[in-house]
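Student: Here's my sequence, what's the structure:
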Amino acid sequence: MNAPVIPNQVLLFSGHMIDAPDRKTPRFPADKEPIAREAIEALFDQLAAGPQGLAICGGACGGDLLFAEAALARGVALEMYLPFDVSTFLPKSVTFAGGDWLSRFKAAKAACELHILPAERGALKDGEDPYEQNNLWMLEAASRFGTEKVQFICLWDGKGGDGPGGTQHLMEEVRNRHGHTHRLDTTQLWS
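Tutor: Below you'll find the model as predicted:
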């Protein structure tokens with residue numbers, strides 16, 4: 001599916017993955033998925049997201065795939081950006097959570113324009129983190145139609161991630177360059 005030539009808005013997403021079964025401190029428990037889906041869909045409604053727009057996200061279980069599904073349901077063109085080839089990405093970011101996440105990833109992948117960082121950008125330089133580089137690549141892609149069109153949506157508790165390149169990193173980059181941010185605060189949504 002090709003993106004519109006000039007979208008009326010670009011919805012850029014980052015957010016928590018579903019918690020791994022052995023996660024010590026819950027962040028996105030699987031039973032909170034319906035709450036997250038409703039919050040994302042409500043924000044799509046508020047932003048009047050539709051076929052004239054473009055959505056950009058990763059492909060991880062949890063926030064990314066909920067966002068992708070909401071975009072596709074509204075006819076928004078979808079671009080998915082992965083920091084690794086699919087066979088490396090799946091166990092790190094999709095299949096560990098079990099459930100139907102693999103089939104949902106495959107459905108979103110089949111309906112989007114897929115971008116894979118090492119295939120399109122080459123090997124990373126020493127010291128570069130694949131998740132940070134993927135965030136910057138998504139932001140660059142979102143900005144290509146003008147920074148004023150970028151609406152950054154995040155499903156996030158406001159805390160630092162488990163490693164580099166998480167939602168906090170992309171939020172800081174967007175704030176430094178654009179300023180259009182919409183935070184779906186999981187500390188409020190889950191309570």
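
Student: Buried residues of stretch 29-46, list them for me.
Tutor: 32, 33, 36, 37, 39, 40, 41, 43, 44 (16 or more other Cβ atoms under 10 Å). (Each C-beta comes from the backbone N, C-alpha and C, glycine too.)

Student: Where do the strands of this structure begin and end?
Tutor: 10-15, 54-57, 77-82, 113-116, 150-156, 181-185 (DSSP state E).

Student: before we move on, back to that, in TSV, list the buried residues of stretch 29-46 along with pLDDT.
Tutor: As requested, the buried residues of stretch 29-46 are exported to TSV (pLDDT from 0 to 100):
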residue	pLDDT
32	98
33	97
36	98
37	98
39	98
40	98
41	98
43	98
44	98
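
Student: Nearest residue to the middle of this protein?
Tutor: The chain has residue 57 as the residue nearest its centroid, 3.3 Å off, counting by Cα atoms, centre = their mean.

Student: Got the confidence number for it?
Tutor: With respect to pLDDT, residue 57 scores 98.

Student: count of neighbours near the closest residue in space to it that isn't next to it in sequence?
Tutor: Spatial nearest neighbour of residue 57, chain neighbours left out: residue 13 (4.1 Å); criterion: Cβ to Cβ, 6 or more residues apart in numbering. Residue 13 sits with 27 neighbouring residues when counted by other Cβ atoms under 10 Å.

Student: hmm, who's touching the least confident helix or strand in the chain by mean pLDDT?
Tutor: Least confident helix or strand, the chain: helix 167-177 with a mean of 90, by mean pLDDT, DSSP states H and E. Helix 167-177 is contacted by residues 12, 14-16, 131-132, 135-136, 138-139, 143, 147, 150, 152, 154-156, 159-161, 180-181, 183 when judged by Cβ atoms under 8 Å, 6 or more residues apart in numbering.

Student: Give me the PyMOL select line for the residues you listed, limited to the buried ones.
Tutor: In PyMOL, this line selects whichever of those come out buried by 16+ other Cβ under 10 Å:
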select buried, resi 12+14+15+16+131+132+135+138+139+143+150+152+154+155+156+161+180+183
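
Student: Next, give phi and psi for the residue of the chain positioned farthest from its centre.
Tutor: What lies farthest from the middle of the chain is residue 126; by Cα atoms, centre = their mean that is 25.3 Å. Phi and psi for residue 126, reported as degrees, to the nearest 10, are phi -50, psi 130.

Student: Return the per-residue confidence for it.
Tutor: Looking at residue 126, the pLDDT reads 93.

Student: do the same with residue 2
Tutor: Value listed for residue 2 in the pLDDT field: 57.

Student: Identify the residue nearest residue 187 in space, chain neighbours excluded?
Tutor: residue 157 is the one closest to residue 187 (Cβ to Cβ, 6+ apart), at 5.2 Å.

Student: Surely the one you found touches residue 27?
Tutor: Yes. Under the criterion of Cβ atoms under 8 Å, residue 157 makes contact with residue 27 at 6.2 Å.
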